[in-house]
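Colleague: What would the 3D arrangement of this be:
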Amino acid sequence: MAWQQKITKSIIPFNGREDFVPWHKRFAFVAGKMEIKADELKDALLACLDASITSLVLDMHFADKSYSDVVKFLSATYGKKVNKTQARHGFLERKQCEGEEIRHFAIELVKLYERGYGDMNEEILITRFISGLIDVPLKKELINKSFNEFWCCVEEAESISSDDKMFASKHDVCLALKSSKDAEIAELKSAVEKLTDQVRRLSVQRPIICYNCGRPGHTSRECRAGPTRAYSQSSAQPRIYGRANQRKPLIVKGKVGDRNVDALKTERPDIGSP
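Modeller: Below is the predicted model of the structure:
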């Protein structure tokens, strides 16, 4: 990087004591004169920062972020200077914004306190830091712990928040998997019900057969042939007056002189005694 030595000599390193916006304009002007490529601007910017500011940027995990992200962060962190009265008021009213990282909120709080009060009171900073967090469960957990140093409290808050996010992520994955399985089970149940309904429609219902007489349409309990008569081929034949047509011929015995003779014989089973 041939431009590194030239640019560091051409611009005074930014140390956080002035507004970052006008300083960045000077930096952009010098970088344009040297024709520094767009993909090298972030490295050039970090090279022109004071060691303490560079350490802050790295601590905020901006090493892997874009040049514009670093510029936005420094512009917000080292914006227009405020007087002591404004700084004190801002310190008392400052709360973590939605989506704001915990460390960035802590840095802003320290800046306002140092500008408004000058000295560093760890206890006051810790109290304001915890009360300014937007995560209520995180607040409760930090209140139950004891901290002697402000940055120890900040690191603990980051650690708890990271664990909670990881747990929430795993919980979301579990819910997604459960929802997917529930949908599959519901789909399978629906398919089984459809098949069952189709089988029910296609199946032919067997007729009711009487175990006693062997005829369809009634049960043995309703059979007129009686409950003790077992089914047989002959019992399944048509009946006349309740008697089987396979009955033997009726023979009436008589006596002529000294001999016994058949006086009457008929082939009709319906004639004779009832």
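Colleague: So for D19, what's the nearest residue that isn't a sequence neighbour?
Modeller: Excluding the flanking residues, the one nearest D19 by CB to CB, 6 or more residues apart in numbering is K80, at 5.6 Å. Using the backbone N, CA and C atoms, a C-beta is placed for each residue, glycine as well.
Colleague: in stretch 77-97, what's buried?
Modeller: By neighbour count on 16 or more other CB atoms under 10 Å, the buried set for stretch 77-97 is 77-78, 87-88, 90-91, 94, 96.
Colleague: Is the residue nearest to D19 located within a helix, as I assumed?
Modeller: No: looking at K80 with DSSP: H, G, I helix; E, B strand; the rest coil, it is coil, so not inside a helix.
Colleague: wait, it sits on P22?
Modeller: No: contact status for K80 versus P22: not in contact, 10.1 Å apart, counting by CB atoms under 8 Å.
Colleague: which intervals of the stretch 151-274 of the chain have sub-threshold pLDDT?
Modeller: 163-179, 201-207, 226-257, 261-274 (pLDDT under 70).
Colleague: Helix, strand or coil: sort out the closest residue in space to T77 that isn't next to it in sequence for me.
Modeller: Nearest residue to T77, sequence neighbours excluded (CB to CB, 6+ apart): I107, at 6.5 Å. Here I107 is helix, with the state taken from three-state DSSP.
Colleague: hmm, back to that, among the buried residues of stretch 77-97, which lie within strands?
Modeller: Applying DSSP state E to the buried residues of stretch 77-97, no entry is found in strands.
Colleague: between the residues you listed, which is nearest V30?
Modeller: Y78 (18.6 Å; CB to CB).
Colleague: can you count the residues close to the closest residue to that closest one other than its chain neighbours?
Modeller: Nearest residue to Y78, sequence neighbours excluded (CB to CB, 6+ apart): F20, at 4.0 Å. Look at F20: counted by other CB atoms under 10 Å, it has 21 neighbours.
Colleague: what about I7, how many residues close to it?
Modeller: As a burial measure, I7 scores 19 neighbours (other CB under 10 Å).
Colleague: before we move on, what about R26?
Modeller: Using other CB under 10 Å, the number of residues around R26 comes to 14.
Colleague: looking at it, it is touching I11, isn't it?
Modeller: Yes: using CB under 8 Å, R26 is in contact with I11, at 6.0 Å.
Colleague: Flag every buried residue along stretch 52-69.
Modeller: The neighbour-count check on stretch 52-69 (16+ other CB under 10 Å) flags 53-54, 56-57, 60, 62, 67 as buried.
Colleague: Where do the helices of the stretch 1-150 of the chain begin and end?
Modeller: 3-10, 20-33, 41-47, 51-59, 67-77, 84-93, 102-117, 122-132, 136-143, 150-202 (DSSP state H, counting those that start in this stretch).
Colleague: can you put those helices in JSON lines and add distance to N212?
Modeller: Below are the helices of the stretch 1-150 of the chain laid out as JSON lines (distance: least, CB to CB, whole Å):
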{"stretch": "helix 3-10", "distance to N212": "110"}
{"stretch": "helix 20-33", "distance to N212": "105"}
{"stretch": "helix 41-47", "distance to N212": "99"}
{"stretch": "helix 51-59", "distance to N212": "96"}
{"stretch": "helix 67-77", "distance to N212": "93"}
{"stretch": "helix 84-93", "distance to N212": "98"}
{"stretch": "helix 102-117", "distance to N212": "88"}
{"stretch": "helix 122-132", "distance to N212": "90"}
{"stretch": "helix 136-143", "distance to N212": "78"}
{"stretch": "helix 150-202", "distance to N212": "30"}
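Colleague: re earlier: between the buried residues of stretch 77-97, which sits nearest G32?
Modeller: Within the buried residues of stretch 77-97, the smallest distance to G32 is 21.9 Å, found for Y78 (CB to CB).
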